[in-house]
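[1] Prediction below, plus the sequence it came from.
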Amino acid sequence: MSNFLQKFGAYWLGKLERLGRATLFLFHLVAALASLVKRPSLLVKQLHASGVMTLSIVLVSGLFVGMVLSLQFYNTLIDFGQEERVGTLVALTLVRELGPVVTGLLFAGRAGSAMTAEIGLMKATEQLSGLEMMAVDPFKRVFAPRFLAGFIALPMLAAMFSAVGVMGGHLVGVEVLGVDANAYWSQMHSSVSFTHDVCNGLVKGLVFGFVVSWISIFEGADCIPTSEGVSSATTRTVVYSSLAILGLDFLLTAVMF
């Protein structure tokens, strides 16, 4: 029993110690953001890598999610004679929840894992150590541009996901199922609030972008510099980011709505 308690305590002490290192890493990361004012090209490059390269999967996913939501809501609402409110439910579901959450999960799986693998390989091949030997701060040159790019890109991708999802809902609800187009848009316009729904969805996107970028960069910088260590760090990035997104989504929803 004492051996079990010892191992249990050591495990959680190790987790707390790693969380402390991640917090200190975040402080250094935020402090290094000011250096991007002098080198905006680094940010633009990472915005392309994190945002533009993730755009295709986000748009395709948003289209199909909107189509499925419209089909499901129509099959439920038609029993109550309220099928014209399909647009309202599709828009609110996407803007409030599915847009930020699904985009965050897709971003973690595509861009977050790529950031971890890239930084992990730079550590394994001693490129980060080489930068330090040349008096180049990796936080300013490598970490900060990726962090800020993820923070900016994810809410923009979430907004595009929701917009394409609404169009997908219109495609199925109006063109396929026969819902009146004027009712689809008018009901949505009268029910969806920009300040209460759209802005809160964007806030979720900003929070998710902050957390996913932080986890991705820290896991890459803190990984064991071997092929197996980089692989494990990439896996941890996707798992931790997904759990963080789902947990924070509940907390933010409880506070906002």
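    Perfect, thanks for sending it.

[2] Nearest the geometric middle of this structure, what residue?
    Most central in the chain under Cα atoms, centre = their mean is G104, positioned 2.4 Å from the mean C-alpha point.

[3] Do I have it right that that residue meets P155?
    No: with contact defined as Cβ atoms under 8 Å, G104 does not count as touching P155 (9.8 Å). For every residue, glycine as well, the C-beta is placed using N, CA and C.

[4] sorry, back to before: can you tell me, leaving aside adjacent residues, what's nearest to the residue nearest to the centre of the chain?
    Once flanking residues are discounted, G104 sits nearest to F208: 3.8 Å by Cβ to Cβ, 6 or more residues apart in numbering.

[5] Isn't D137 up against A31?
    No: counting by Cβ under 8 Å, D137 stays clear of A31, with 10.3 Å between them.

[6] Would you state the strands of the stretch 151-257 of the chain in chain order?
    Assigned by DSSP state E, counting those that start in this stretch, the strands in the stretch 151-257 of the chain number zero.

[7] can you map out the helices along it?
    Here the stretch 151-257 of the chain has its helices, by DSSP state H, counting those that start in this stretch, at 181-191, 199-222, 227-256.

[8] which one of these lies closest to A124?
    Smallest distance to A124 across the helices of the stretch 151-257 of the chain (Cβ to Cβ): 6.0 Å, for helix 227-256.

[9] any idea of the mean pLDDT in that closest one?
    Helix 227-256 carries an average pLDDT of 93.

[10] Could you measure from G209 over to E84?
    Applying Cβ to Cβ, to the nearest Å, the value for G209 to E84 is 35 Å.

[11] Please say which of these two ends up with more neighbours.
    G209 (28 against 16; other Cβ atoms under 10 Å).

[12] Please list all residues in contact with that one.
    104, 107, 150-155 (Cβ atoms under 8 Å, 6 or more residues apart in numbering).

[13] May I ask which of those has the most neighbours?
    L154 (32 neighbours).

[14] That one contacts K204, correct?
    No: contact criterion Cβ under 8 Å: L154 and K204 do not qualify, at 9.5 Å.

[15] So for those two, which residues contact both of them?
    Shared contacts of L154 and K204 (Cβ under 8 Å, 6+ apart): none.

[16] quick revisit: is it possible to get a markdown table of the helices of the stretch 151-257 of the chain that adds distance to S162?
    Output for those, formatted as a markdown table (distance: least, Cβ to Cβ, whole Å):
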| stretch | distance to S162 |
| --- | --- |
| helix 181-191 | 12 |
| helix 199-222 | 7 |
| helix 227-256 | 15 |
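
[17] Out of those, which is the most enclosed?
    Comparing those by mean neighbour count (mean count of other Cβ atoms under 10 Å), helix 199-222 ranks first with a mean of 23.

[18] Please enumerate the shared neighbours of G104 and P155.
    With Cβ under 8 Å, 6+ apart, G104 and P155 have common neighbours 205, 209.

[19] mind checking the SS state of A135?
    At A135 the chain is in coil, as set by DSSP: H, G, I helix; E, B strand; the rest coil.

[20] next one: R85
    Relying on three-state DSSP, one would call R85 helix.

[21] which intervals of this protein have sub-threshold pLDDT?
    Counting by pLDDT under 70, the chain shows low-confidence ranges at 1-2.

[22] any idea how far M160 is from the nearest residue to E118 once chain neighbours are set aside?
    Nearest non-adjacent residue to E118, counting by Cβ to Cβ, 6+ apart: G220, 6.9 Å away. Counting by Cβ to Cβ, the gap from G220 to M160 is 26 Å.

[23] Good, we can wrap up now.
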